[in-house]
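> Any chance you can model this:
(chains A and B)
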Amino acid sequence: MRTHARPWWQRALLTREMLTVLILVVAWIVAASVVQGFDGPLTITYLVLDVAPVLLIALPMTLIIATGEIDLSVASVVGLSSVTFGLLYQAGLGLWSATLVSVLIGAVCGAVNGALVAYGGLPSLAVTIGSLALYRGLAVGLLGTTAVTGFPEAWTDGATENLGESPYPVITLGLIALAAVFAVLLHATPFGRNVLDIGRSKEAARFSGVDVKRTLLILFVLSGAVSALAGVYYTLRYGSARGDNATGMELQVVAAVLLGGVSIFGGRGAIHGVVAGVLLIGVLGSALRLESVTVNVINIVIGTALVVSVVAPRIAGGLRVRRRAAAGQRT
Amino acid sequence: MKFTSVLAAGTAAVLALGLTACGSGGGGDDAGGTDAVTITVLPKNLGNPYFEASTTGAEEAGEELGVTVEEVGPDTASPDAQVPFINTAAQQGVGALVVSANDPTAIGDALEEARSAGTKVVTFDSDTEPQFRDIFVNQASPEGIADKQLELVAEQIGGEGEIAILSASANATNQNAWIALMEEKLASDYPDIELVETVYGDDDDQTSFDKTAALLQSHPDLKGIVSPTTVGIAAAARYVSTSEYKGKVAVTGLGTPNQMREYVEDGTVEAFALWNPTDLGYLATQAAAALAAGDITGEEGDTFEAGRLGEFTVGADGEVLLGDPYVYDEANIGDFDF
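Have a look, this model is predicted:
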């Protein structure tokens, strides 16, 4: 058994993930005490509703990035599923069936990505930039510049309703449940261990018996299906199925995942960090908007936080290597 | 071990937060007070010259009325990007929200929540469904648009002769409504003007250009072209400006100053019409202030004073009409940039 320099509780607290959680708490306290209107009852409701689709998609994205791959087509799948959901409803299909078919279409979209990456051996960056354009093109092409509206109020209200008198929307329960499922999947199953092994080294994982191709395919299918589910939610929340829904959301998702401490090179990551990353972006956006900061500045702030969260570990890693080398010379 | 990286990332996030805190020093003190009314203006998107003009009008009204006018908005014109800004207005409890809707229903829930938090909602330029807002400030009525275009073309061709219409697509709802009104009015009020043909350029620049050429060839006595679409009028003006018909065939209709500037300056186009977005923003803000102050409720028949534009009456469905379209010509086109 390895001995560690620090006791287990220090190791648990001094992780990259806990740092994001800590920053989130600090951000919340600062915002609540400084920003007018932030501590009002509506903040939590809007925050959850706003981050819900990002959070949903960030869950499978965490696993994909933990393998060292990426899926940039997610927001386009949201748009496509929004359109298919709307068109199927318009064609007279029940809403549950429309949801199911849309999620299946999303899974197929993910399977196409996954097959090209896992079995075609192509870089996921290139594949999913291509399908980002392809799926968005299909979405906008199917519906043009029009929108499908007029969904039953029971459904649209369900997407935004609060739990009783609490400020938490009903969907909070679903989000927590799904986050728990992905946390268990990543942290407590052989599948999750395989994901992290692939991220550390594909070759080593293959030699130790991990079916790398199958694992990657499953992850991309999950990503497509969950993105499509987010698309259905998105449609109901805004009561409008449009081809341009969620344009550009992939950047928010990737930003949240990286802010949450998942390594862009794969091999490490944890769901609680990503949840904190998603909420952090939500809190920053909400606080800055309350201060009437323009959208460009909000993008600059979130972009800077993202770049720093990617660059800082590299710089720190470089420093550590140099320090070790210096220490090695002395002995 | 990893603590250095933890610290580095921490510093970054704290920096980001610092920006939040700095921002509050400037804007937080006056934004939250209940003594001064704040009106939030939410265009379809920022960086759009048309809405920059309407915001100029909104700020002008704000200064005159002594209310704070704040413009916020997304960088893309999509309804989902507008919703967080509507939510923010509700959180801030602003007196009124002046919004140009990117979708008639998609922002409805957010607007309803803002209204239940006490914020008055005025739509301008693009309306939502009536139940989501208190007042819609409509830029122009179909009758006003039809009449103004006939007035312009009649004046430019000397009250008699052949004219043609270059429309958008054959099933464009707005254009067809305007054309039907123009045909009625021609029959009743302009006996010496004959509408010889209506062609459709599909709001495509090249198609509109070709249709203009065909019109001029097949009707040698044509004296004027009316194009009730911004794409059509610009294409028609471009064709006429480089042809033998320049100065002989009048081109008018609905256009934007930036598209039409060179044809007005080179004499191809004498005058064209569109509403004035600055006045539109001004009126919408005046209406919002009147609602927030409790002077009006948005009921049909309510009247309010709108500064330099005079008195307005709320019509059916909470609509307020800006008035007749605004005429742009050589004398005033330099004042506009949209």
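> got any ranges where chain A has weak pLDDT?
Along chain A, segments meeting pLDDT under 70 span A:1-5, A:8-9, A:11-13, A:328-331.
> so which strand or helix has the residue positioned nearest the centre of it?
Taking CA atoms, centre = their mean, the centroid of chain A lies closest to residue A:58, which sits 1.2 Å from it. Using DSSP states H and E, residue A:58 falls within helix A:42-66.
> Can you report how many residues neighbour the residue nearest to residue B:261 when sequence neighbours are not counted?
Take residue B:261 and drop its neighbours on the chain: the residue closest to it by CB to CB, 6 or more residues apart in numbering or on different chains is residue B:333, 5.8 Å away. C-beta here means a position set from N, CA and C on the backbone, and glycine is covered the same way. For residue B:333, the count of nearby residues is 18 (other CB atoms under 10 Å in any protein chain shown).
> List the contacts of residue B:333.
Contact analysis of residue B:333 by CB atoms under 8 Å, 6 or more residues apart in numbering or on different chains lists B:257, B:260, B:261, B:264, B:265.
> with the residues you listed in mind, which one is nearest to residue B:180?
Closest approach to residue B:180 among the contacts of residue B:333 (CB to CB): residue B:260, at 25.2 Å.
> who's in contact with that closest one?
For residue B:260, the contacting residues are B:233, B:234, B:237, B:269, B:272, B:328, B:333, by CB under 8 Å, 6+ apart.
> Make TSV out of the residues you listed and add distance to residue B:226.
Shown next, in TSV, are these (distance: CB to CB, whole Å):
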residue	distance to residue B:226
B:233	9
B:234	14
B:237	12
B:269	12
B:272	10
B:328	15
B:333	19
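> Quick one: buried ones out of the contacts of residue B:333?
B:257, B:260, B:261, B:264 (16 or more other CB atoms under 10 Å in any protein chain shown).
> where does residue B:330 fall, phi/psi-wise?
The phi and psi values for residue B:330, taken as degrees, to the nearest 10, are phi -60, psi -30.
> actually residue A:39, not the one I wrote
According to degrees, to the nearest 10, residue A:39 has phi -90, psi 10.
> just residue A:186 next, same as before
According to degrees, to the nearest 10, residue A:186 has phi -80, psi -40.
> Relative to residue A:180, how far out is it?
11 Å (CB to CB, to the nearest Å).
> And the two? Which one has more around it.
Using other CB under 10 Å, the more surrounded residue of residue A:186 and residue A:180 is residue A:186, with 21 against 11.
> Tell me the one of the contacts of residue B:260 nearest chain A?
Using CB to the nearest CB, residue B:234 comes nearest to chain A of the contacts of residue B:260, at 20.6 Å.
> one step back: show me the buried ones among the contacts of residue B:333 that map onto helices.
When the buried ones among the contacts of residue B:333 are checked against helices (DSSP state H), the matches are B:257, B:260, B:261, B:264.
> Contacts only, for the nearest residue to the first one once chain neighbours are set aside.
In other words, residue B:257. Nearest-residue entry for residue B:257: residue B:336, 4.0 Å, with adjacent residues in sequence omitted and distances by CB to CB, 6+ apart. Residues near residue B:336 by CB under 8 Å, 6+ apart: B:53, B:257, B:258, B:276, B:278, B:328.
> Could you save those residues as a markdown table and add columns showing pLDDT?
Converted to a markdown table, these look like this (pLDDT from 0 to 100):
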| residue | pLDDT |
| --- | --- |
| B:53 | 91 |
| B:257 | 94 |
| B:258 | 92 |
| B:276 | 92 |
| B:278 | 94 |
| B:328 | 95 |
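> which among those residues gets closest to residue A:116?
Nearest to residue A:116 among the contacts of residue B:336, with distances taken as CB to CB, is residue B:258, at 44.6 Å.
> so that closest one touches residue B:328, yeah?
No: using CB atoms under 8 Å as the test, residue B:258 is too far from residue B:328 to be in contact (10.7 Å).
> In terms of neighbours, single out the busier of those two.
residue B:328 (22 against 14).
> show me where chain B has helices.
Secondary structure of chain B (DSSP H): helices located at B:3-31, B:49-65, B:79-92, B:108-116, B:142-157, B:173-189, B:205-218, B:230-241, B:257-265, B:277-292.
> And the stretch 51-200 of chain A, by the same measure?
Along the stretch 51-200 of chain A, counting by DSSP state H, counting those that start in this stretch, helices occupy A:74-90, A:95-118, A:124-143, A:153-160, A:171-187, A:190-200.
> Buried deepest among those, which one?
Highest mean neighbour count among the helices of the stretch 51-200 of chain A (mean count of other CB atoms under 10 Å in any protein chain shown): helix A:74-90, with a mean of 28.
> what residues are up against the residue nearest the centre of chain B?
Note on chain B: the residue nearest the mean C-alpha position is residue B:125, at 4.4 Å, using CA atoms, centre = their mean. Applying CB under 8 Å, 6+ apart, we find residue B:125 in contact with B:44, B:51, B:54, B:100, B:139, B:277, B:280.
> burial count for the first one?
Other residues near residue B:44 number 22, with proximity taken as other CB under 10 Å.
> Relative to residue B:103, how far out is it?
Distance, residue B:44 to residue B:103, by CB to CB: 10 Å.
> anything in the longest helix seen in chain A near chain B?
Scanning chain A for the helix with the most residues, using DSSP H, yields helix A:295-330. Yes: under the criterion of CB under 8 Å from any CB of the partner chain, helix A:295-330 makes contact with chain B via A:295-297, A:299, A:301-302, A:304-305, A:308-309, A:312-313, A:315-317, A:319-320.
> Leaving out chain neighbours, which residue sits closest to residue 163?
With no chain named, the answer covers chain A. Leaving aside its sequence neighbours, residue A:163 sits nearest to residue A:170 (CB to CB, 6+ apart; 5.5 Å).
> actually it's chain B I care about, not the one you picked
That would be residue B:224: by CB to CB, 6+ apart, it lies 4.3 Å from residue B:163.
> Reformat the contacts of residue B:333 as a markdown table; add distance to residue A:242.
What follows is the contacts of residue B:333, written out as a markdown table (distance: CB to CB, whole Å):
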| residue | distance to residue A:242 |
| --- | --- |
| B:257 | 30 |
| B:260 | 31 |
| B:261 | 34 |
| B:264 | 37 |
| B:265 | 40 |
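> Looking at those residues, which one is closest to residue B:308?
Residue B:308 has its nearest neighbour among the contacts of residue B:333 in residue B:257, at 20.5 Å by CB to CB.
> Near chain B, which residues of the stretch 101-250 of chain A? Just list them.
Within the stretch 101-250 of chain A, the positions adjacent to chain B are A:147, A:149-150, A:156, A:160, A:234, A:237-240, A:242, A:244-248 by CB under 8 Å from any CB.
> so residue A:64 makes contact with residue A:226?
No: Residue A:64 is beyond contact range of residue A:226, at 10.9 Å (criterion: CB under 8 Å).
> Name the residue in the two with the higher neighbour count.
Set residue A:64 next to residue A:226 and count neighbours by other CB under 10 Å: residue A:64 wins out with 29 against 26.
> Excluding covalently adjacent residues, which one is nearest to residue A:270?
residue A:17 (4.7 Å).
> ok, residue B:256 - contacts?
By CB under 8 Å, 6+ apart, the neighbours of residue B:256 are B:50, B:230, B:274, B:338.
> Thanks a lot, catch you later.
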